[in-house]
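S.K.: Need the 3D shape of this:
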Amino acid sequence: MDEVVYYCAGLDVHRDTVVGVVRRPGGRGKRSVETRTFVRLERNGGMVCVMYLDIDDFKIINDTLGHGGGDEVLIELGRRLSSVLRPTDTVARFGGDEFVILCENFGGVGDAEQLVARVVAATTKPWDVQGWFMPVHVSIGFAVTESATTEPAVLLGDADTAMYLAKKVPGSMSVLAPRRRTEPQPPHR
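M.R.: Residues are numbered from 1 along each chain as shown. Purely as a prediction, here's the structure:
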């Protein structure tokens, strides 16, 4: 888990063939999404948010409906995520049933929380999988930073940790990772 989301703009080879969103390749480079995101953060200010989410009990879906049913759920999740995100946000399938969303240009944590709320709302609608209407539960962890010096892998790790916290809190679908002590804090007023 040492990379966020790497892809070269416009190259179809880095699209997930099942879901149709960006996939996590293993390369690095100046054109990576997070590199460009943090360059813009340094230049323009604002806040960056990383969401890490996965489908709860996805193995049960695969075991019950087969891999075709599991693929349908993944495709629908990719579609639902893309439908509520802004054009500047990047959604990527990170592997299996895990997705990462990289967002920028937030004025504050409240803006990130509003976007997370839209993602939660999109995933809580009933799912039609192979003619069966069923609930599909998603856990989301997210982390934010205002610092362009934050390592993308650290932000991703914080979001991943927050996602596992969301899984442990009954009735919770999303959890914001606490800020690190090394993060610059806004002045208290």
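S.K.: from here on, contacts and neighbour counts on C-alpha atoms
M.R.: OK.
S.K.: Not counting its neighbours along the chain, what's nearest Y164?
M.R.: Leaving aside its chain neighbours, Y164 sits nearest to G141 (7.3 Å; criterion: CA to CA, 6 or more residues apart in numbering).
S.K.: Contact partners for the one you found?
M.R.: By CA atoms under 8 Å, 6 or more residues apart in numbering, the residues touching G141 are 51-53, 159-166, 174-177.
S.K.: swap in L155?
M.R.: Listed by CA under 8 Å, 6+ apart, the contact partners of L155 are 50, 143-145.
S.K.: quick one: which of these has the most company?
M.R.: Of all those, V50 has the most neighbours under the rule other CA atoms under 10 Å, reaching 28 neighbours.
S.K.: which SSE is that residue in?
M.R.: Using DSSP states H and E, the element containing V50 is strand 47-55.
S.K.: What lies in contact with that strand?
M.R.: With contact meaning CA under 8 Å, 6+ apart, strand 47-55 is reached by 37-38, 41, 97-109, 112, 116, 136-147, 155-156, 159-160, 163.
S.K.: lowest-confidence helix or strand of the protein?
M.R.: Least confident helix or strand, the chain: strand 22-23 with a mean of 50, by mean pLDDT, DSSP states H and E.
S.K.: show me where pLDDT drops low in the chain?
M.R.: In the prediction, the chain carries residues with pLDDT under 70 at positions 1-43, 45, 170-171, 179-189.
S.K.: Would you map the helices across it?
M.R.: 33-44, 58-84, 109-124, 152-168 (DSSP state H).
S.K.: what would these look like in JSON lines with distance to G131?
M.R.: Formatted as JSON lines, those follow (distance: least, CA to CA, whole Å):
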{"stretch": "helix 33-44", "distance to G131": "37"}
{"stretch": "helix 58-84", "distance to G131": "10"}
{"stretch": "helix 109-124", "distance to G131": "18"}
{"stretch": "helix 152-168", "distance to G131": "28"}
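S.K.: Go through those helices and pick out the most buried.
M.R.: Ranked by mean neighbour count, the helices of the chain are led by helix 152-168 with a mean of 21 (mean count of other CA atoms under 10 Å).
S.K.: Kindly export that one (C-alpha atoms) in CSV.
M.R.: Extracted in CSV, the C-alpha atoms of helix 152-168 (Å, rounded to 0.1, in the frame of the first residue of the first chain):
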residue,chain,number,x,y,z
PRO,A,152,0.1,10.4,-0.5
ALA,A,153,0.8,7.0,0.9
VAL,A,154,0.4,8.3,4.4
LEU,A,155,-3.0,9.9,3.5
LEU,A,156,-4.1,6.7,1.9
GLY,A,157,-3.0,4.7,5.0
ASP,A,158,-5.0,7.0,7.2
ALA,A,159,-8.1,6.6,5.0
ASP,A,160,-7.6,2.8,5.1
THR,A,161,-7.4,2.8,8.9
ALA,A,162,-10.5,5.0,9.1
MET,A,163,-12.4,2.5,6.9
TYR,A,164,-11.6,-0.3,9.2
LEU,A,165,-12.8,1.8,12.1
ALA,A,166,-16.0,2.4,10.2
LYS,A,167,-16.5,-1.4,10.0
LYS,A,168,-16.1,-1.7,13.7
